[in-house]
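*Asks:* coordinates for the following, if possible.
(one chain, ligands or ions: 1)
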Amino acid sequence: MNEHYPFELPPLSYGYYDLEPHLDGDMIKTHHTVIMQNYVDKLNSLLARFPQYQDWSLKALVAYADTFPPALRKELKNSAGGLYNHYVYFNSMTPGGRMPTQRLMNQIKNTFGNFENMKKALYNSALINFGCGYTWLVCNKSCNLQIINTQRNNTPPLTVVSPVAVIDMWEHSFFQQYVNGRDDYINAWLEVADWSKVCEYMACSTALDTLQDNVQRNPQGNIQGRQ
Ligand SMILES: [Fe+2]
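*Replies:* Numbers count the residues shown, from 1 in each chain. The predicted structure is shown next:
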């Protein structure tokens, strides 16, 4: 995806039918090519009228939307928020799912006790996220985790937290396959959740963990493959 205007529909890292049987391929295709594309188009059309904001990144537009002029703010929060939230959503899934990195797992244990408890807490929050909304796992700058429900296309405050993963709880995400079975949809999503995508505040810590692991494995400082 372009860093700034004009935005483009970002391709998925998997095929539309690769999340089956958990999430129906036609449903994922419509969600990506129609609904997410609509947010791309709306945002580009909006920014075409406000050239002074055309060099803003998507994340900055979302994070600082409340500071924009009133004439722009509501539409911006809907279109940029819709695009950003779907970007995180589609990146929160992978065929077969993927377990958390060690760093994230440590934080999950610190906050929720264990991985299963975290998934249950996420499930419970998503289940009561009625109407149109998203259920997020986010981390703050201290790498502490939190589950947040947002409504419409609102996004957690990106100036203080960063998303790890999100479940889209708008009806268009599941109705075609599960109708009113929100619980079945959440369980299906958990089967394909990609927990290996750490939040940005964990990135440097993860690199440090890897370095420390290597030092512990190779206390002499030998580099694998060299004597
Ligand atoms: Fe959606």
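
*Asks:* what residues does the chain have near the ion?
*Replies:* Counting by CB under 5 Å from the ion, the positions of the chain adjacent to the ion are 168, 170. All C-beta spots, glycine's among them, are computed from the backbone N, C-alpha and C.

*Asks:* quick check, the residue in the chain closest to the ion?
*Replies:* residue 168 (4.2 Å; CB to the ion).

*Asks:* quick one, strands of the protein?
*Replies:* 133-140, 145-151, 161-168 (DSSP state E).

*Asks:* for residue 35, list the residues it contacts.
*Replies:* Listed by CB atoms under 8 Å, 6 or more residues apart in numbering, the contact partners of residue 35 are 86, 172.

*Asks:* ok, now with 10 Å
*Replies:* Contacts for residue 35 were tallied using CB atoms under 10 Å, 6 or more residues apart in numbering; they are 82, 86, 168, 170, 172, 173.

*Asks:* same check on residue 89?
*Replies:* 31-32, 36, 134, 136, 163, 165-168, 170, 173, 189.

*Asks:* and the strands of the chain as CSV, adding mean neighbour count and mean pLDDT?
*Replies:* Converted to CSV, those look like this (neighbours: other CB atoms under 10 Å; pLDDT from 0 to 100):
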stretch, mean neighbour count, mean pLDDT
strand 133-140, 23, 95
strand 145-151, 17, 96
strand 161-168, 24, 95
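
*Asks:* can you redo the ones you listed as CSV with distance to residue 14?
*Replies:* Formatted as CSV, those follow (distance: least, CB to CB, whole Å):
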stretch, distance to residue 14
strand 133-140, 20
strand 145-151, 25
strand 161-168, 15
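
*Asks:* domain assignment for the chain?
*Replies:* Domain assignment for the chain by automatic domain parsing gives 25-91, 102-202.

*Asks:* hmm, back to that, quick one: closest of the strands of the chain to residue 66.
*Replies:* Nearest of these to residue 66, taken as CB to CB: strand 145-151 at 13.9 Å.

*Asks:* that closest one pairs with which strands, parallel or anti?
*Replies:* Here strand 145-151 is paired, per DSSP bridges, with strand 133-140 (antiparallel).

*Asks:* now do the partner strand and strand 161-168, the angle between them.
*Replies:* Going by axes from the mean of the first three to the mean of the last three CA atoms, to 10 degrees, strand 133-140 is angled at 150 degrees with respect to strand 161-168.

*Asks:* shift numbering so it begins at 896
*Replies:* Let's use 896 as the start, then, which means that last one is strand 1028-1035.

*Asks:* could I get strand 1028-1035 in PDB with only the CA atoms?
*Replies:* Extracted in PDB, the C-alpha atoms of strand 1028-1035 (Å, rounded to 0.1, in the frame of the first residue of the first chain):
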ATOM      1  CA  GLY A1028     -17.200  -2.600  15.500                       C
ATOM      2  CA  TYR A1029     -13.800  -4.200  16.000                       C
ATOM      3  CA  THR A1030     -12.200  -6.200  18.900                       C
ATOM      4  CA  TRP A1031      -8.500  -5.500  19.200                       C
ATOM      5  CA  LEU A1032      -5.500  -6.900  21.100                       C
ATOM      6  CA  VAL A1033      -3.100  -3.900  21.500                       C
ATOM      7  CA  CYS A1034       0.100  -3.200  23.400                       C
ATOM      8  CA  ASN A1035       1.300   0.100  24.800                       C
END
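
*Asks:* all set now, cheers.
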